[in-house]
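1. Sequence first, then the predicted structure, then my questions.
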Amino acid sequence: MGMDEPREASAEQAALHTCRSAKVPVTLSGHDYRRAHDACHSAAGLWNQAVDWVHAEWRGGRSPGKYDIRKLLTTMSASERPLHAHSTEAIAYDLHEAIKTSRTNRKNGMKVRAPWRKKNYRPLSFSKGYGWRISNDRLNLSLGRRRPRIALPIPVVVDSGSGEVVAVEAWGEIQLCWDIDAREWSLHIPYETTRETSTGNAVTAVDEGIINSMALATWADARTIDVTVINGREARAIKRLRNKSVGALQHKISRAKNGSKHHRRLVAAKKKVKAKADRSLRDFDHQVARKAADHVIAHDSGRLVYGDVRGIEQKTKKRRSAGRHQRQILSQWSRGRQERYVDEVTGLEGEHLDEARSTKTCPACGARNRPAGRDYRCKNPDCGFACHRDAVGAINILQKAIHGTYVPIGPDTTIRVTYLRAVERWSFDQRNAHRKVQCRKARALSSAQNRASSGEIPSSEQRQAQSSTSPSGPDQLVAVA
């Protein structure tokens, strides 16, 4: 697909059954609160024992599987395993999946380790029909046989796509999680939902960044490329405010006496700032993914290709490739979460492609240029191509995904660029302009009230009396001396 290859007829959108998860905050009673905390500590202890046992098996030349880990944990006595049997099995399965993921990443060339770190806290998993059930209009979470259950009001789960309430029968395995920053419990409830996705033949390429979270490019027809640029400056502002606030509070914490009332208040304030920022960033990433998915589905894309920037934040200090401020920005980049959200919404499995020199290569003539700022302008006098820098990167990734290299798009190609904000909020200039308008309205209202009190303008009672006695009727303006 490209300049000389017309786009094939797009396939119809198909319904995809996907699993989504709803996060519902809950409030526990004092007794349940303490028992839930103890159970989370016990779950972390079982994880640590399983990790130590697996490493010991590896050192002995053996390779334990998923059911071997499950047998180790489920055969423990009730005093060593104060959890429901299915909650214990979930720990074994999660450890096995973590080991599989580390091996897959290692095969792909990533430098990773198998699970080894000790945990102090771990969420509780409750399987459907055994770990949790509905009785007496309450959601009961089981901690094992002959142990009291955690009873909660039945939460309301709303499908994020359709806005409809999800029936209890559609819920899956529930997790009870503790947010250490927000200091609150929440239920993570998975449910199956139907989403519209694309099964077409089009290819969408994504150039990811920090200033602009995503730039997506797709061939609309044989002579037109549609590019959507999603601005990410709000996330950068949220992170900057969080970093400055946490830094200032941390400086005060270092000067306070450990364990004092002042120290506890500062620590609580620090957690509150981090929790608020985490909520805002999570919402921001969902908004970015939603707008990116709209572009993918609108063009019936069956293939999604990301520019490979994985590991860009690693060893930047050792290589001296970035300063400390840039290293902090790269380490806090939530690129992976945004990719995961887009894949979930679209139903596609994103690919990664080397994007080296994608923003320096002219998509029209193939010449190499070093762009200045956010605009790209080709320095070739016979070309003169100009476009948004991130749009250029997305177009080049698109061409490389289709042809295997950076193939010029041709002089007759039209590029339609759409700029979107991830979150629909006012800019700084819009907010100032609105504030000025409100100030003028307030001054005008205040001046009118002062003139009315001095007798220049009739009061509401006077205007009503004049309108009722005037022969011209209430709709005609009557002057009052």
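-> Received it, and whenever you're ready, just let me know what you need. Numbers count the residues shown, from 1 in each chain.

2. got a list of contacts for stretch 86-94?
-> 43, 46-47, 50, 66, 69-70, 72-74, 81, 122, 124-127, 130-131, 143-144, 173 (Cβ atoms under 8 Å, 6 or more residues apart in numbering). The C-beta positions use only the backbone N, C-alpha and C, and glycine is treated the same way.

3. Give me the buried subset of those.
-> Among those, those classed as buried by 16 or more other Cβ atoms under 10 Å are 43, 46-47, 50, 69-70, 72-73, 81, 122, 124-127, 131, 143-144, 173.

4. Pull the number of nearby residues for residue 41.
-> 14 (other Cβ atoms under 10 Å).

5. Helices of the stretch 201-350 of the chain, residue ranges please.
-> 233-255, 261-298, 316-319, 324-331, 335-346 (DSSP state H, counting those that start in this stretch).

6. which of these is buried the deepest?
-> By mean neighbour count, with neighbours taken as mean count of other Cβ atoms under 10 Å, helix 335-346 ranks first of those at a mean of 20.

7. Point out the other helices and strands that that one packs with.
-> Counting contacts by 3 or more Cβ pairs under 8 Å, 6 or more residues apart in numbering; DSSP states H and E, helix 335-346 packs against strand 202-208, helix 261-298, strand 301-308.

8. Compute the inter-axis angle for that helix and helix 261-298.
-> Angle, helix 335-346 to helix 261-298, by axes from the mean of the first three to the mean of the last three Cα atoms, to 10 degrees: 40 degrees.

9. what sits up against the next helix or strand after helix 335-346?
-> Counting by DSSP states H and E, the element after helix 335-346 in chain order, helix or strand, is strand 351-354. Residues outside strand 351-354 that contact it (Cβ under 8 Å, 6+ apart) are 205, 303, 304, 305, 306, 307, 308, 310, 397, 400, 401.

10. What residues of strand 351-354 count as buried?
-> For strand 351-354, by 16+ other Cβ under 10 Å, it's residue 353.

11. Let's see that strand as CSV, backbone CA atoms only.
-> Only the C-alpha atoms of strand 351-354 are listed here, as CSV (Å, rounded to 0.1, in the frame of the first residue of the first chain):
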residue,chain,number,x,y,z
GLU,A,351,4.0,-4.9,16.7
HIS,A,352,7.2,-3.0,17.3
LEU,A,353,9.4,-1.7,14.5
ASP,A,354,12.8,0.0,14.6
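
12. Give the next helix or strand downstream of it.
-> Downstream of strand 351-354, the first helix or strand assigned by DSSP H and E is strand 375-377.

13. Give me the helices and strands touching that next one, please.
-> strand 386-388, helix 389-403.

14. which ones among the buried ones among the contacts of stretch 86-94 are found in helices?
-> Secondary structure assignment by DSSP state H places 43, 46, 47, 50, 69, 70, 72, 73 of those in helices.

15. Quickly list the domain ranges of the chain.
-> If you go by automatic domain parsing, the domain ranges for the chain are 15-197, 202-421, 428-469.

16. Lowest average confidence across those, which one?
-> Comparing mean pLDDT across the domains of the chain, the weakest is domain 428-469, with a mean of 65.

17. List the contacts of the nearest residue to residue 253 once chain neighbours are set aside.
-> Counting by Cβ to Cβ, 6 or more residues apart in numbering, residue 253 lies nearest to residue 266, which is 4.7 Å off, once chain neighbours are set aside. Listed by Cβ under 8 Å, 6+ apart, the contact partners of residue 266 are 249, 252, 253, 256.

18. Just confirm residue 152 is within a helix.
-> No: applying DSSP: H, G, I helix; E, B strand; the rest coil, one finds residue 152 to be strand, outside a helix.

19. returning to that earlier point: can you say which of the helices of the stretch 201-350 of the chain is nearest to residue 36?
-> helix 261-298 (18.8 Å; Cβ to Cβ).

20. and the angle from that closest one to strand 202-208?
-> Angle between the axes of helix 261-298 and strand 202-208 is 150 degrees (criterion: the same axes, to 10 degrees).

21. Compute the inter-axis angle for helix 261-298 and strand 301-308.
-> 140 degrees.

22. Look up how far residue 381 lies from residue 82.
-> With distances taken as Cβ to Cβ, to the nearest Å, residue 82 is found 76 Å from residue 381.

23. Tell me which of those two has more neighbours.
-> residue 82 (20 against 6).

24. And the residue nearest the centre of this structure?
-> residue 285 (2.9 Å; Cα atoms, centre = their mean).

25. quick one, what contacts that residue?
-> 235, 334, 337, 338, 341.

26. Quick check: the farthest pair among these?
-> For these, the farthest-apart pair by Cβ to Cβ is 235 and 341; their separation is 13.4 Å.

27. Could you list the alpha-carbon positions for stretch 408-415 in CSV?
-> What follows is stretch 408-415, C-alpha atoms only, in CSV (Å, rounded to 0.1, in the frame of the first residue of the first chain):
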residue,chain,number,x,y,z
PRO,A,408,9.1,8.0,-0.5
ILE,A,409,5.4,8.7,-0.6
GLY,A,410,5.4,10.7,-3.9
PRO,A,411,4.9,14.3,-4.7
ASP,A,412,1.1,14.1,-5.3
THR,A,413,0.3,12.6,-1.9
THR,A,414,-1.9,14.7,0.4
ILE,A,415,-1.3,14.6,4.1
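
28. now that stretch, how far from the centre of its chain.
-> 34 Å (Cα atoms, centre = their mean, to the nearest Å).

29. What helix or strand is residue 178 located in?
-> Residue 178 belongs to strand 174-179, assigned by DSSP H and E.

30. Which strands or helices does the helix or strand following that strand pack on?
-> Using DSSP H and E, the helix or strand that directly follows strand 174-179 along the chain is strand 184-197. Applying 3+ Cβ pairs under 8 Å, 6+ apart, one finds that strand 184-197 makes contact with strand 14-26, strand 174-179.

31. how far away is residue 253 from residue 278?
-> 19 Å.

32. let me fix that: residue 159
-> Taking Cβ to Cβ, one finds residue 159 at 23 Å from residue 278.
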